[in-house]
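> attaching a predicted model along with its sequence, questions to come.
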There are 2 protein chains.
Amino acid sequence: MVPHLVTALTGPLLDLEKRMLDKTTEIERWFRMAWNDHAPPFYSSVDVRNAGFKLAPVDTNLFPGGFNNLSPDMLPLAIQAAMSAIEKICPEARSMVLVPERHTRNTFYLSNVARLAAILKQTGLDIRLGSVSDEITEPTRFDLPDGQSIVLEPLKRYGNRVGVDGLQPCAVLLNNDLSAGVPAILENIKDQIVLPPLHAGWATRRKSIHFAEYDKVVDSFCAMLGIDPWLINPYFTQRSQLNFHERVGEDALAEAVSEVLAKTRAKYAEYGITEQPYVVVKADAGTYGMGIMTVKDPEEVLALNRKQRNKMSVIKEGLQVSDVIIQEGVHTFESIDDAVAEPVVYMIDRYVVGGFYRVHTGRGRDENLNSPGMHFVPLAFETPCNTPDCSDRPDAAVNRFYAYGVIGRLAALAASQELDATIPVEKAA
Amino acid sequence: MVPHLVTALTGPLLDLEKRMLDKTTEIERWFRMAWNDHAPPFYSSVDVRNAGFKLAPVDTNLFPGGFNNLSPDMLPLAIQAAMSAIEKICPEARSMVLVPERHTRNTFYLSNVARLAAILKQTGLDIRLGSVSDEITEPTRFDLPDGQSIVLEPLKRYGNRVGVDGLQPCAVLLNNDLSAGVPAILENIKDQIVLPPLHAGWATRRKSIHFAEYDKVVDSFCAMLGIDPWLINPYFTQRSQLNFHERVGEDALAEAVSEVLAKTRAKYAEYGITEQPYVVVKADAGTYGMGIMTVKDPEEVLALNRKQRNKMSVIKEGLQVSDVIIQEGVHTFESIDDAVAEPVVYMIDRYVVGGFYRVHTGRGRDENLNSPGMHFVPLAFETPCNTPDCSDRPDAAVNRFYAYGVIGRLAALAASQELDATIPVEKAA
């Protein structure tokens, strides 16, 4: 049984969702036109926060894990979307190599890889898994909790291309976010499609660039919809050249926090919102919930203790943090059985293919749910996000999911524009 | 609760389905390549017969009704497929006019129109219904059994284009099979997309041409799969210039029946099938189950009584029948609670979006289920047709549906080739 979903809704969000439902036709046409100008990412997942008065993305992942968290009922949608994507990218392909993350001991992650491979297989592709992990020197079988197993093979270089033993596919799909930089084996690939492009990896990607593109997307979308863009867009700013260890740039960070809090406070006043504003400081190239902190007062960043400074200075793969994004915090008002719930929306190509909630019992609603050691319970969305029922109440689950699907797609569109805007110079030539 | 589905399976079909399941990746790639060469019909439905030893299409509809029979759970798939189709055809369109059948008193049919309009609306199109019925002279509201209502408006001509009052859409979608010929208002349309093309209507379409293309499709498919094409393809031949009223051509028809029976009998012997072979004689341009009869012996067509001859001579819209297709009958071995069940597979663009069973209690398994006055019970497929479970038994429902989806798509591909092959000369220039 799927637990009942409780959302503490207040005025404006109902208005916002109602407006989305009233304008589904215009919204869908708007997306159709937008995707005409920008190729969608091959796949993406977007962390959405529902504050009751505001609905916004807080993170956009271009190498989504967690496909195994989606309801099996959504698989047909994922397969159909993947068929549509493959048909555009490599219509004649017989096979594809999927490059997973290095961590081979996380069976939960490997279950995601198995699910992804199953989806892609059903589009008519033989899928082989080419690992960049040093530990994989020969085909190695991994048993999964559900009784299935997968075989990881070493990724091999063939001249300007990569593959696995005996196979140089027309396309390589990365499910590795390249946090540690681009592995040498993936550099200077020619005559082969790499999805997403290497510059979508966290070695080069920046949240601040993503959210700057999201600003543009949202301004255009909200002009069409006739709503205040703030209702779906968190304020943010960016600061560089910090050094948390050596306390360099603390004043600049405090000033940035102050600036975002002031703007947020003004909006709260405008809408009569009595919650306490807060900001989230995140590593601009961060992921995995590392290098992230919640701040309610600028003074807090001037008084970080050693442990907090250590926590902020290092992210995945041991990289140092010098650039941060300071983003308006969006309260999580959704809860399930008293546990805080954060929705994650999954897309393949331009299509929303499902989602799930990260449900966590031990945290407050202004805390980050995707943090190290966090043991969330995934709760698959019951229904897909493309069948709103306009005759039903806006807070009916099917309609809530439609709104989530809209926000997810706006963030995916921003990612698409971000990737177009950040093509490396040698490639753009 | 969905009733339990009973299928009286014997040897060869299990083999066939097993082979399809073993080769899903190859099959899906084969379709991907095939659709690369032939644009899929905008939509289609295919009547499939499951004889236990044989699985084959018996009719392919390019103006499918009955979308209201599909499970609501399949709607997201239909919406996603329609999005993909619209994006290719008229990516910038804001609206579309749907042209329904003339019969406005069939609320069941009008429910299909409402469902279709709802699917298309969700792709970002304003849908208006432009009727060619003489009865519709102004916007007219029709209430539907489920409490919804639809408004039919008169289709209007605007120079080289058509539309409804105040709207000339970029594309017009026909859900009218043009059995009575192409209405003058739809002739010589320019600068506007008509879907499907007018020559897909029964004014010009011929079953014999469709099944000739199906022969080619199946030969190529079965060469890839390594199976006898007969297992998924009924024998057929065609006869012209008959006149049932005046008993012209009876000998030629008897000879054709004899020919198809003999070939079928040989295959039955080859596979050790003990059923009695039969053929179905159908008007080559017929539809709606009219102008159709089941024959087990050539003598039968030499001894038709007046009532039988009358029944064969006239089809929908009072058209005379002079050309017939003589097709190997495929027994219906599927049953639900002792009632005969015939599956119908629905497609939008290249995607299977669901299906249902026509369930009829009062008929034998070699009789035509889609006949006038037939009151079938629609039973929606429980699961979509694109998620086979290779670890499950081939006769598990999810796997049966995969096989149905393959047969449906082969017929849709044949229809696509048929439409390419029958483009009117003035258009082909």
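Yes, it's here.

> low-confidence ranges in chain A?
Scanning chain A with the threshold set as pLDDT under 70 gives A:1-13, A:287-290, A:315-319, A:336-337, A:361-377, A:382-387, A:389-398, A:426-429.

> which residues of it lie near chain B?
By the rule C-beta under 8 Å from any C-beta of the partner chain, the part of chain A lying against chain B is A:24-33, A:35-36, A:73, A:75-77, A:79-81, A:83-84, A:86-87, A:91-94, A:121-126, A:350-351, A:383-384, A:386-388. Using the backbone N, CA and C atoms, a C-beta is placed for each residue, glycine as well.

> for the residues you listed, which ChimeraX command selects only the ones that are buried?
Listed next is the ChimeraX selection for buried residues among the residues of chain A next to chain B, using 16 or more other C-beta atoms under 10 Å in any protein chain shown:
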select /A:24,25,27,28,29,30,31,32,35,73,75,76,77,79,80,81,83,84,86,87,93,94,121,122,123,124,125,126,350,351,383,384,386,387,388
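
> what ranges does chain A have for its helices?
A:11-22, A:24-37, A:75-89, A:107-121, A:207-225, A:250-271, A:299-302, A:306-313, A:397-421, A:425-428 (DSSP state H).

> tally of neighbours for A:Pro234?
A:Pro234 has 21 neighbours, counted by other C-beta atoms under 10 Å in any protein chain shown.

> ok, and the closest non-adjacent residue to it?
Distances taken as C-beta to C-beta, 6 or more residues apart in numbering or on different chains place A:Glu328 nearest to A:Pro234, at 3.9 Å, with adjacent residues excluded.

> what sits against the one you found?
A:Pro234, A:Tyr235, A:Phe236, A:Val260, A:Lys263, A:Thr264, A:Pro277, A:Val279, A:Val280 (C-beta atoms under 8 Å, 6 or more residues apart in numbering or on different chains).

> so which of those is the most crowded?
A:Val279 (29 neighbours).

> that one is in contact with A:Ile325, isn't it?
No - A:Val279 is beyond contact range of A:Ile325, at 9.8 Å (criterion: C-beta atoms under 8 Å).

> contacts only, for the residue of the stretch 51-200 of chain A found nearest chain B.
Taking C-beta to the nearest C-beta as the measure, the point where the stretch 51-200 of chain A comes nearest chain B is A:Gly124, at 3.0 Å. By C-beta under 8 Å, 6+ apart, the contact list for A:Gly124 reads A:Met83, A:Ile86, B:Thr25, B:Glu26, B:Ile27, B:Glu28, B:Arg29, B:Trp30, B:Phe31, B:Arg32.

> cutoff 7 Å now
B:Thr25, B:Glu28, B:Arg29, B:Phe31, B:Arg32 (C-beta atoms under 7 Å, 6 or more residues apart in numbering or on different chains).

> which one of these is nearest to B:Val295?
Of all those, B:Phe31 has the smallest distance to B:Val295: 34.6 Å, by C-beta to C-beta.

> what about A:Gln276, neighbour count?
14.

> if you could redo that for A:Asp420, that was the one I meant.
Neighbour tally, A:Asp420, other C-beta under 10 Å: 13.

> ok, now which ones touch it?
A:His38.

> go through the helices of chain A and name the closest to B:Thr332.
helix A:75-89 (26.5 Å).

> contacts for that closest one, please.
Contacts of helix A:75-89 (C-beta under 7 Å, 6+ apart): A:42, A:93, A:119-120, A:122-123, A:125, A:171, A:193, A:195, A:348-349, A:351, A:353-354, A:384, B:32, B:76-77, B:80-81, B:84, B:351, B:384, B:386-387.

> got a list of what the residue nearest to A:Pro64 when sequence neighbours are not counted touches?
What sits nearest to A:Pro64 in space, not counting adjacent residues and going by C-beta to C-beta, 6+ apart, is A:Ser45, at 3.7 Å. Applying C-beta under 7 Å, 6+ apart to A:Ser45 gives the contacts A:Asn61, A:Pro64, A:Gly66, A:Val344, A:Val345, A:Tyr346.

> can you do 8 Å?
The contact partners of A:Ser45, taken as C-beta under 8 Å, 6+ apart, are A:Thr60, A:Asn61, A:Pro64, A:Gly66, A:Val344, A:Val345, A:Tyr346, A:Met347, A:Gly408.

> which ones among these are found in strands?
A:Thr60, A:Asn61, A:Val344, A:Val345, A:Tyr346, A:Met347 (DSSP state E).

> which parts of the stretch 151-300 of chain A are strands?
A:156-158, A:161-163, A:171-175, A:193-195, A:236-239, A:279-283, A:292-295 (DSSP state E, counting those that start in this stretch).

> adjacent strands (with direction) for the second one?
With DSSP bridges as the criterion, the sheet partners recorded for strand A:161-163 are strand A:156-158 (antiparallel).

> who's in contact with the strand it pairs with?
Applying C-beta under 8 Å, 6+ apart, the set of residues contacting strand A:156-158 is A:Gly130, A:Val162, A:Gly163, A:Val164, A:Asp165, A:Gln168, A:Ile185.

> and those, which two are furthest apart?
A:Asp165 and A:Ile185 (14.1 Å).

> the more surrounded of these two?
A:Ile185 (14 against 11).

> number of residues surrounding A:Ser220?
15.

> against A:Asp37, how distant is it?
11 Å (C-beta to C-beta, to the nearest Å).

> could you pull up the residues touching the residue lying closest to A:Ser111 once chain neighbours are set aside?
Closest residue to A:Ser111 apart from its sequence neighbours, by C-beta to C-beta, 6+ apart: A:Asn68 at 4.3 Å. Counting by C-beta under 8 Å, 6+ apart, A:Asn68 makes contact with A:Phe108, A:Ser111, A:Asn112, A:Ala114, A:Arg115.
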